[in-house]
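this one's sequence-less:
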């Protein structure tokens with residue numbers, strides 16, 4: 001869909017031939033004009049993402065087009081600078097090779113129905129590249145900037161290589177059997193059907209009921225539990241508490257916890273589980289809150305940080321997780337861990353019932 005953020009992204013593509021012409025033509029101030037335009041259009045890279053998130057207009061087109069526009073915008077100018085003798089050709093080869101590898105990775109992801117959005121380190125890489133390019137352009141009219149431009153190029157190359165390795169590590173499961181969580185959780189299927197069945201068996205044999213309070217998983221835990229036939233005998237209901245308002249009003253999470261620790265915290269996860277257990281009057285309840293990605297939603301907490309809590313009559317326990325996949329992988333791993341913790345608690349209660357019998 002076409003919207004303002006996507007239009008800003010496309011403007012960078014439209015600016016490419018204009019910038020190339022300014023660098024190749026010879027008239028007073030042409031390099032300064034080229035540098036000014038390069039800086040102006042570079043700012044659209046930050047602006048389009050912010051507008052998309054604030055207005056709720058994040059789209060698959062934008063996720064695909066934004067990194068593509070960044071690559072073409074920088075590479076096209078670098079190629080002209082190589083022709084003009086302002087930068088070594090190997091620098092462009094390194095940058096182009098990294099972008100080619102990531103583009104192939106995105107294509108593989110698209111083939112599996114996933115859009116790989118720009119990672120934080122990738123965004124930093126883009127900023128460093130754009131800074132280096134600006135200095136390279138300005139070193140021609142201002143030779144005193146040559147040393148600074150060389151340093152900026154070196155830093156940009158380091159970030160280019162490190163961000164490429166970061167992408168390969170984050171999305172390693174797309175190119176091989178490196179992520180064991182993907183072995184346990186098949187794409188497009190409910191996380192570990194046998195695990196959900198084990199949870200159901202443990203709840204049924206001990207006569208326990210369960211409810212769920214989910215944020216980042218968006219109902220996936222409840223869906224996994226209810227995929228098991230006969231789950232109505234032990235599953236009562238749940239709340240998808242995506243906003244802080246719902247956490248407060250529907251689960252009774254204290255406002256001071258949200259303000260002090262943030263929505264993604266151990267304290268809030270435990271309060272969500274306790275709130276669901278109280279609201280639905282169940283023996284057990286599970287609460288899940290985390291940052292699934294692809295960005296951290298304006299917080300300083302890392303993508304993949306997730307807290308899962310299980311509340312019972314006698315205790316409320318929680319565990320902190322750090323997942324390293326994409327949004328889909330992180331949500332599915334959180335669902336799997338929630339089921340595991342729920343199963344462990346149900347079996348603990350079952351064993352205590354046997355001992356007291």
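Received, thanks. Small disclaimer: the values here were computed from a predicted structure and weren't measured. Numbering: from 1, shown residues only.

any idea where the strands of the chain begin and end?
Using DSSP state E, the strands of the chain run over 210-214, 235-240, 284-290, 305-311, 316-322.

Output those strands in TSV; the columns should cover distance to residue 338, mean neighbour count and mean pLDDT.
Glycine gets a C-beta too; all of them are placed from N, C-alpha and C. Output for those, formatted as TSV (distance: least, CB to CB, whole Å; neighbours: other CB atoms under 10 Å; pLDDT from 0 to 100):
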stretch	distance to residue 338	mean neighbour count	mean pLDDT
strand 210-214	8	29	97
strand 235-240	11	19	97
strand 284-290	5	29	97
strand 305-311	5	26	96
strand 316-322	10	15	93
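
can I get these in a markdown table with distance to residue 141?
Listed next are the strands of the chain as a markdown table, based on distance: least, CB to CB, whole Å:
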| stretch | distance to residue 141 |
| --- | --- |
| strand 210-214 | 58 |
| strand 235-240 | 58 |
| strand 284-290 | 50 |
| strand 305-311 | 47 |
| strand 316-322 | 48 |
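
Tell me which of those strands sits nearest to residue 101.
With CB to CB as the measure, strand 316-322 is the member of the strands of the chain nearest residue 101 (25.2 Å).

Between strand 305-311 and the closest one, find me the angle.
Going by axes from the mean of the first three to the mean of the last three CA atoms, to 10 degrees, strand 316-322 is angled at 160 degrees with respect to strand 305-311.

what's strand 316-322 in contact with?
266, 269-270, 273-274, 287, 290, 302, 304-310, 333-334, 337, 341, 345 (CB atoms under 8 Å, 6 or more residues apart in numbering).

again, 6 Å this time
With contact meaning CB atoms under 6 Å, 6 or more residues apart in numbering, strand 316-322 is reached by 266, 269, 270, 273, 274, 304, 306, 307, 308, 309, 310, 337.

Identify the residue nearest the third one in space, chain neighbours excluded?
I take that to be residue 270. Nearest in space to residue 270, with sequence neighbours left out and distances taken as CB to CB, 6 or more residues apart in numbering, is residue 309 at 4.3 Å.

show me what contacts that neighbour?
Going by CB under 6 Å, 6+ apart, residue 309 touches 269, 270, 273, 287, 318.

now those as TSV including distance to residue 251?
Converted to TSV, those look like this (distance: CB to CB, whole Å):
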residue	distance to residue 251
269	11
270	11
273	9
287	8
318	15
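
what's the spacing between residue 245 and residue 255?
Separation of residue 245 from residue 255 (CB to CB, to the nearest Å): 10 Å.

Also residue 237?
Using CB to CB, one gets 24 Å for the distance from residue 237 to residue 255.

out of the contacts of strand 316-322, which one sits closest to residue 231?
Within the contacts of strand 316-322, the smallest distance to residue 231 is 17.4 Å, found for residue 310 (CB to CB).

Out of the contacts of strand 316-322, which two sit at the greatest distance?
Among those, the pair separated by the greatest distance (CB to CB) is 274 and 304, which sit 24.7 Å apart.

Name the residues contacting each of residue 245 and residue 255.
By CB under 6 Å, 6+ apart, no residue touches both residue 245 and residue 255.

Tell me the buried residues in the longest helix seen in the chain?
With secondary structure taken from DSSP state H, the chain has its longest helix at helix 327-356. Using 16 or more other CB atoms under 10 Å as the test for burial, helix 327-356 gives 327-343, 345-347, 349-350.
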